[in-house]
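In: Got a predicted structure here, sequence first:
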Amino acid sequence: MTSKGTLLATVLLMVLIPLPICQAIWFPWYFHRYGLEPHSARHKGPGGGTAPAVPSGKQPKPADGAKPGTNKNNSKGGSTCPPGYEPKDPKAVREAGSTTRICDDNPVLMQLARLYVVSPERIVLLLAQASMVDSCAEICDVLGNIHAATSNCVLAPDNIYAKLSDGLDYFKEVVCATDCEASPRKRFAGLLESQNCIREMRTDMIECEAPPDWYETQNKSKLCQIYNDVLDCYYTRAAMLCGIESAKQLRSFAADSMGRAMNHKCEVSKKLPRVDNAMPSMASASSHMGMALFIIFLNLIIC
C-alpha cells in the first residue's frame, strides 16, 4: 500500500512540475474529481471540434439493462465537468438579440486564483498583505489580464467570477490609486493610515469569513443576513484592535467591495454592534496622553 502511494505521489509531482502555478494549485481538486483527461478534451466531437451540447430535454436514454447515468455519452457531458463549465447550447453562446460573444470564464478564474480571491471576503483580506506595493502591482496585472481576456466578449451578468473581478477593481481604485485626492481613496484615508493595525488583524478577518459559497445562494434574505454578519464581525474585531474610527472605515470599505462581488444588492445595517472594550483611537489616545502629562507637570510645580 505504501509503495502504491509513493508511486502515485511521484506521478502527481511529474504532472504538476511543468504546470504554471496558477494551474497547479487547482490540479489536485480537479484530478480528484475528474481524472487526468483535460477538460477541453471532454467536449471534442469526432472531427476534433467542440461537440454540440444536447438540450436538457433531449438527453439520450440509457441502453436496455443499463443503469441511469452509465451511458458513455455522459462521460463526455456536463456531469463530469467542473461547476460552471458544462457544454452550452450553441444558441446560448451569444446574448439574446446581440452579436456579442459570451466569454469563457476560465481565464478569469485562473487570474483570480493568483490572488486566492475565491470569495468577496478574500478581496477585503488583501488589506492585510505584508507589502501593499507588491500586492497592488499583482492586482493591476491580474485585472489587466482579465480585461484583455474579455475585450472581445462579455461575461454573463450573473457570473460570479465577473462579480469578484468588479470587487477587485474597486479595491484597486481605493487602495492602489496613485491619485491621493481621488474621491474613493480620500474617503478611506483613515483606513489606509491604519494599515499596520489592519495587517495584525489577518487571522481575525479570516475567522470572520462566512461558510464556503454563501454568496452563491439565491435566497436574498439569507445572503444579506450573512453579509451583514461578516461586516459586523469585521467591525467588532477592528474596534478592539485598531479603534472605533478604523473599525467604521473597515466596515464601510468591506460593504462596498463585497457588495460589488455579489449578485444581489443588500442593504447595510445602520446599527453598529456594541463594543465595550474598544481600543482608543490615535487622536483620543494622544489627547489623553497630553492631559496626563499636563497634570503631572502641575503636580511637579505645586510640590
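Out: Sure thing, it's come through.

In: Surely Asp256 is in contact with Asp169?
Out: No - assessed by CB atoms under 8 Å, Asp256 is found out of contact with Asp169, at 11.6 Å. (C-beta placed from N, C-alpha, C; glycine too.)

In: got the contact list for stretch 256-265?
Out: If you take CB atoms under 8 Å, 6 or more residues apart in numbering as the criterion, stretch 256-265 is touched by 119-121, 123-124, 158, 160, 163-164, 166-171, 174, 215-216, 220, 223-224, 227, 230-231, 266, 268.

In: ok, now stretch 241-253?
Out: The contact list for stretch 241-253, computed with CB under 8 Å, 6+ apart, reads 124, 127, 174, 188, 190-191, 194, 197-198, 200-201, 204, 231-232, 234-239, 272, 275, 278-284.

In: Just these: which are in helices?
Out: 124, 174, 190-191, 197-198, 204, 231-232, 234-239, 282-284 (DSSP state H).

In: can you map out the strands along the stretch 51-200 of the chain?
Out: Here the stretch 51-200 of the chain has no strands by DSSP state E, counting those that start in this stretch.

In: For it, just list every one of the helices.
Out: 106-114, 120-125, 132-149, 160-175, 183-187, 189-193, 195-199 (DSSP state H, counting those that start in this stretch).

In: Please state the mean pLDDT value computed over the third one.
Out: Read it as helix 132-149. Per-residue pLDDT over helix 132-149 has a mean of 94.

In: quick revisit: can you select the buried ones among the ones in helices among the contacts of stretch 241-253 for me in ChimeraX?
Out: The ChimeraX command for the buried members of the ones in helices among the contacts of stretch 241-253 (criterion: 16 or more other CB atoms under 10 Å) is given here:
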select :124,174,191,197,198,204,231,232,234,235,236,237,238,239,282
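
In: still on that earlier bit, take the helices of the stretch 51-200 of the chain and write them to TSV, including distance to Thr100.
Out: Formatted as TSV, those follow (distance: least, CB to CB, whole Å):
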stretch	distance to Thr100
helix 106-114	16
helix 120-125	27
helix 132-149	15
helix 160-175	14
helix 183-187	29
helix 189-193	38
helix 195-199	40
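
In: and those helices, which one's lowest on average pLDDT?
Out: Across the helices of the stretch 51-200 of the chain, helix 183-187 has the smallest mean pLDDT, namely a mean of 65.

In: Dihedrals phi and psi, Tyr215?
Out: Tyr215 adopts backbone torsions of phi -70, psi -10, taken as degrees, to the nearest 10.

In: Specify the local secondary structure of the closest residue to it other than its chain neighbours.
Out: Once flanking residues are discounted, Tyr215 sits nearest to Met262: 5.2 Å by CB to CB, 6 or more residues apart in numbering. Using DSSP: H, G, I helix; E, B strand; the rest coil, the three-state assignment for Met262 comes out as coil.
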